[in-house]
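Peer 1: Following is a predicted model, sequence given first.
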Amino acid sequence: MTIFDELLPISIEIAKRNLTGIWNFTNPGVVSHNEILEMYRLYIDPNFTWKNFSLEEQAQVIVAPRSNNELDITKLNQEFPLLLSIKESLIKNVFKPNQKCSYCCLSSDRMADKQEANRTGRVGDLEFELD
């Protein structure tokens, strides 16, 4: 997954440095749909819920089977070692800027989750690195 707010300036720097070749242009790491939805609930809407569907249900609505993969970004990371992981970048560039609620509107358990996330970088099964 790529967060363009972070990688677009890097693409300009790549051009300025006249770097060439094949680049896997993506943030490092992986993130699942459920992790993104959990971040959404944590930062945007504490009342948001979702229901996952089975692989059989998924197969009925897609043309080809899903493929989950992680691209090798060693080359990109060597040139730009401060590139945030996908989870860090999602939080910094997507969820925090669009945060619609403050601590006062969160239920006590969601507020505890958010405080725990800010303190440790972990909420339940969701883990990310802190700045």
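Peer 2: Thanks, I have the structure now. Worth saying up front: this structure is predicted, and the values here are computed from it rather than measured. Numbers count the residues shown, from 1 in each chain.
Peer 1: so what's residue 76 closest to, chain neighbours aside?
Peer 2: In space, and not counting its chain neighbours, residue 76 is closest to residue 23: 5.7 Å by C-beta to C-beta, 6 or more residues apart in numbering. (Each C-beta comes from the backbone N, C-alpha and C, glycine too.)
Peer 1: Then residue 58?
Peer 2: Per C-beta to C-beta, 6+ apart, closest to residue 58 is residue 66, 7.1 Å.
Peer 1: And the pLDDT for that neighbour?
Peer 2: pLDDT recorded at residue 66 is 77.
Peer 1: what's the distance between it and residue 3?
Peer 2: Going from residue 66 to residue 3 by C-beta to C-beta, to the nearest Å gives 21 Å.
Peer 1: now residue 23
Peer 2: The gap separating residue 23 from residue 3 is 16 Å, by C-beta to C-beta.
Peer 1: So between these two, which is more surrounded?
Peer 2: Taking other C-beta atoms under 10 Å, residue 23 and residue 3 do not tie; residue 3 has more neighbours (18 against 15).
Peer 1: can you tell me the helix or strand for the residue nearest to residue 58?
Peer 2: Here residue 66, judged by DSSP states H and E, is contained in no helix and no strand.
Peer 1: pretty sure it contacts residue 59?
Peer 2: No: using C-beta atoms under 8 Å, residue 66 is not in contact with residue 59, being 9.3 Å away.
Peer 1: Settle it for me: which of those two has more neighbours?
Peer 2: Counted by other C-beta under 10 Å, residue 66 and residue 59 do not tie: residue 59 has more neighbours, with 12 against 8.
Peer 1: Roughly how far does the more buried one sit from residue 10?
Peer 2: For residue 59, the distance to residue 10 - C-beta to C-beta - is 37 Å.
Peer 1: Equivalent analysis for residue 4, please.
Peer 2: In terms of C-beta to C-beta, residue 4 sits 10 Å off from residue 10.
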